[in-house]
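Chemist: I'd like to go over a predicted model; first the sequence, then the structure.
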Amino acid sequence: MAETFRIARREGRVEEKAEASIDATGMESHHVSRHFLFRSGRMKQYRRFPKLTFVSHHATHLIAAMRFRYGPCQDSPDFLPAVGQAVRHLPIDRLLGDGAYDVENHHRVCRTQWGIRSTIFPINPRRSHQHTPKTHYRAQLHRRFPNRLYGRRWHAESTISQHKRRLGPALRSRSDLQRECECRLRVVTHNLMILARAG
């Protein structure tokens, strides 16, 4: 992954102040779709599914970071490890994500430790009676949420779509370790395919 981003920077495809999004998607652990399993009443046999959290670069749809685990599960715990990996490859200036990543510590670490100027996540109320966030960065977003900029998060959905269209939504491996390795190889392959197409 580091090498693919070195090539992208050398060829001028990665800007000095990059915009990126973080998102998560489920992968199929077999070649029978979850829709078919649901319709046939066999879904209870397959409750766990491989889950891929990634950080994607908007300008190129290159994937700068990947985290693998099994869902269903919360997205938030994967945020700091994924973004910490991404900033090693990509000079992120603005980071977007959905409400699952709306945690004050995420804003603080991104801005103070990793030099990300702007973090945009919709406010996710912690309690039904809590209307105004009390913490610094969440309160800023509550007062003035940049809807126009947040609309650019469609790039993350586009990256997911590209990845599954080209490489398929199902994993071929059967063990947990093999599936994680397969996902890592898929991400590198995704990036190489983008570089080859642009070249």
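Modeler: All right, it came through fine. Numbers count the residues shown, from 1 in each chain.

Chemist: gap between residue 194 and residue 56?
Modeler: Distance, residue 194 to residue 56, using Cβ to Cβ, to the nearest Å: 10 Å. Any C-beta I mention is one placed from the backbone N, CA and C, and that applies to glycine too.

Chemist: Looking at those two, which is more packed in?
Modeler: The neighbour comparison of residue 194 against residue 56 (other Cβ atoms under 10 Å) goes to residue 56, with 25 against 21.

Chemist: For the more buried one, list each beta-bridge partner.
Modeler: Under DSSP bridges, the beta-bridge partners of residue 56 are residue 21, residue 63.

Chemist: tell me the contacts of it?
Modeler: Residues near residue 56 by Cβ atoms under 8 Å, 6 or more residues apart in numbering: 20-21, 23, 62-64, 155-156, 159.

Chemist: Nearest to residue 92 among these?
Modeler: Closest approach between the contacts of residue 56 and residue 92, by Cβ to Cβ: residue 20, at 5.1 Å.

Chemist: before we move on, the earlier item: so which pair among the contacts of residue 56 is furthest apart in space?
Modeler: Across the contacts of residue 56 (Cβ to Cβ), the longest gap, 14.2 Å, separates 23 and 62.

Chemist: Give the residue from those two that has the larger number of neighbours.
Modeler: The residue with more neighbours, out of residue 23 and residue 62, is residue 62; 28 against 22, by other Cβ under 10 Å.

Chemist: Quick check: chain neighbours aside, which residue is closest to that one?
Modeler: Excluding its sequence neighbours, the residue lying closest to residue 62 (Cβ to Cβ, 6 or more residues apart in numbering) is residue 191, at 5.1 Å.

Chemist: any shared contact partners between residue 194 and residue 56?
Modeler: With contacts taken as Cβ under 8 Å, 6+ apart, residue 194 and residue 56 have residue 62 as neighbours in common.

Chemist: thinking again about what came up before, nearest to residue 51, of the contacts of residue 56?
Modeler: residue 23 (11.1 Å).

Chemist: which residues does the residue lying closest to residue 57 once chain neighbours are set aside contact?
Modeler: Sequence neighbours aside, residue 20 is the residue nearest to residue 57 in space, at 5.3 Å (criterion: Cβ to Cβ, 6+ apart). Counting by Cβ under 8 Å, 6+ apart, residue 20 makes contact with 55-58, 64, 86, 90, 92, 94-96.
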